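**Q** kindly generate the corresponding structure for this input.
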Amino acid sequence: MTDHKIKTINVHELKKRMDNDSTLCLIDVREDEEWQEQRIPGALHLQKDTLAGKIATHEPDLEKPIYLHCRGGVRSLTAAGYLMDVGYTNVYSVDGGIAEWAKAGYPVQE
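**A** Now for the predicted structure:
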């Protein structure tokens, strides 16, 4: 993996962007069991380990902003690096992941 400068975003800014853009690409990179327990409404589920091979099917535009989240923000950083390695240029990792999202009182599906 190449050493990329990965952009991060907090959950409050993500919520604002989601409210202003119904087509925002938010990807949950957690495992299946985690996804089943709780998820952010509107998020697409592509596990971190399969993301690089599946992303082009879901988002072929290499310049469209993509927001990645996991439980706490570590796996999404790794996943962001994967996407940048395959040519995506506008990738964000959500600081604090779904844990911070839920703590802030934003909606989750269970």
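**Q** drop to CA atoms for contacts and neighbour counts, all remaining ones
**A** Noted.
**Q** now the end-to-end length of stretch 65-73.
**A** 17 Å (Cα to Cα, to the nearest Å).
**Q** try stretch 21-28
**A** 18 Å.
**Q** could you do stretch 18-33 as well?
**A** Terminal-residue distance, stretch 18-33 (Cα to Cα): 25 Å.
**Q** and for residue 40, nearest residue in space, chain neighbours not counted?
**A** residue 108 (4.8 Å; Cα to Cα, 6 or more residues apart in numbering).
**Q** which stretches of this protein form strands?
**A** Using DSSP state E, the strands assigned to the chain run over residues 7-9, 25-28, 44-45, 66-69, 91-94.
**Q** dump those into CSV; add distance to residue 36, mean pLDDT and mean neighbour count as well.
**A** CSV is the format used below for these (distance: least, Cα to Cα, whole Å; pLDDT from 0 to 100; neighbours: other Cα atoms under 10 Å):
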stretch, distance to residue 36, mean pLDDT, mean neighbour count
strand 7-9, 24, 97, 15
strand 25-28, 11, 98, 22
strand 44-45, 10, 97, 18
strand 66-69, 15, 98, 26
strand 91-94, 20, 98, 25
